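My questions concern the predicted model and sequence given below.
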Amino acid sequence: AERMAEAAAAPADPECVRKVSAKLPQFRKNIADVSSEAVTAAVHALADSGRSDVDLLCIGLGTPSSMHNAQFQLAMVKALLQGLQQHGKSVTLTFHEPLLDATDRDIIAQWLPDATVAPTNVEAKIECPNPTVVFMPHCCSTLCCNLLCANWSPSLANLVIIGNSFAGYELRSMMPKQKKKIVPMLQVLPYCRELPLKELPSAAEAAFSDTSVHVFPRDLLPGPGDKLWATRPHFPPPDHEVILAPKAETAP
């Protein structure tokens, strides 16, 4: 809460905005192959929706004003946006990151002038009724599980999640206590198809390491009456990496 208050109060730094904004076009070029791979997977996964409108959510970006990885990831957001648009999609872009300060917001506004920054922190508990591509680079398992729980139904087919590998989380969760934290992820893993991002340029490797595109094919997911959907898993306990929302802000 203190970090969020400080971020909100600090004035924008025009010089920082200028320097970071100058880097982003080259970063965008550096990741052209990787972003094209992700866009192709997303478009293919959402094709059976028959809709041209797509929501693009960026969750947990961090602060591009001070984080090198976040700058590469911000370049990826634009690549995803433009790639979806080139496939005829009408895209609505929203950022969910409670740590953005005025400088970060100005950087985003210059790079992606049509983007919206969500006014409240909902800890990724976001219902996605429309075809949605979610870019959540290096987000902890709690945020990913929150997103899954909020969409616990066959409508998961609407989601494409680009983030840390689900299979990687499973491999690293050997103890019962660790498995308990990722129950939603483990439950949908049999119905998920995961495509690891390849051909990462060395300069961007840290920004996208362990990143995969996760899709939930409609023909693999259980139908509406299946027992999987009968009881939505509990939202996982708070993680030390998650900035908690005030109770009044948290989505139900």
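Alright, I've got the coordinates. Residues are numbered from 1 along each chain as shown.

quick one: the strands in the protein?
Counting by DSSP state E, the chain has strands at residues 53-59, 90-96, 116-117, 132-136, 159-164, 193-196, 211-215.

Output those in a markdown table, with distance to Val34 appended to each entry.
No exception for glycine: its C-beta is placed from N, CA and C like everyone else's. Below are these laid out as a markdown table (distance: least, C-beta to C-beta, whole Å):
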| stretch | distance to Val34 |
| --- | --- |
| strand 53-59 | 16 |
| strand 90-96 | 19 |
| strand 116-117 | 25 |
| strand 132-136 | 12 |
| strand 159-164 | 10 |
| strand 193-196 | 11 |
| strand 211-215 | 9 |
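
mind checking which of those is nearest Pro233?
Nearest to Pro233, of all those, is strand 159-164, at 15.7 Å by C-beta to C-beta.

quick one, the closest one and strand 211-215 angle?
Using axes from the mean of the first three to the mean of the last three C-alpha atoms, to 10 degrees, the direction of strand 159-164 lies 160 degrees away from that of strand 211-215.

Can you pull out the low-pLDDT segments for the protein?
By pLDDT under 70, the weakly predicted segments of the chain are 1-9, 240-241, 246-252.

so how far is Gly60 from Arg18?
Going from Arg18 to Gly60 by C-beta to C-beta, to the nearest Å gives 25 Å.

before we move on, what about Leu228?
In terms of C-beta to C-beta, Leu228 sits 27 Å off from Gly60.

again with Gly88
In terms of C-beta to C-beta, Gly88 sits 28 Å off from Gly60.

So which of the two has more stuff around it?
Counted by other C-beta atoms under 10 Å, Gly88 and Gly60 do not tie: Gly60 has more neighbours, with 24 against 8.

Would you mind confirming that that one makes contact with His138?
Yes. Judged on C-beta atoms under 8 Å, Gly60 makes contact with His138 at a distance of 7.4 Å.

if we can go back for a sec, wait, which of the strands of the chain is closest to Pro14?
strand 116-117 (18.7 Å).

Compare the strands of the chain and give me the one nearest Ala124.
Ranking the strands of the chain by proximity to Ala124 (C-beta to C-beta) places strand 53-59 first, at 5.3 Å.

For the closest one, which strands pair with it and how are they oriented?
strand 90-96 (parallel), strand 132-136 (parallel) (DSSP bridges).

For Asn151, which non-adjacent residue is spatially closest?
Using C-beta to C-beta, 6 or more residues apart in numbering and skipping the chain neighbours, the partner closest in space to Asn151 is Cys128 (5.5 Å).

Verify the stated contact: the one you found with Ser153.
No. At 10.7 Å, Cys128 does not count as touching Ser153 under the criterion of C-beta under 8 Å.

More neighbours: which of the two?
Each of Cys128 and Ser153 has its neighbours counted (other C-beta under 10 Å); Cys128 has more, 18 against 15.

quick one on the thing from earlier: need the contact list for the residue nearest to Asn151.
Taking C-beta atoms under 8 Å, 6 or more residues apart in numbering, we find Cys128 in contact with Asp55, Leu57, Val134, Leu147, Ala150, Asn151, Ser155, Asn158, Leu159.

try 7 Å this time
By C-beta atoms under 7 Å, 6 or more residues apart in numbering, Cys128 lies in contact with Asp55, Asn151, Asn158, Leu159.

which ones are touching the second one?
Listed by C-beta under 7 Å, 6+ apart, the contact set of Asn151 reads Glu127, Cys128, Leu159.
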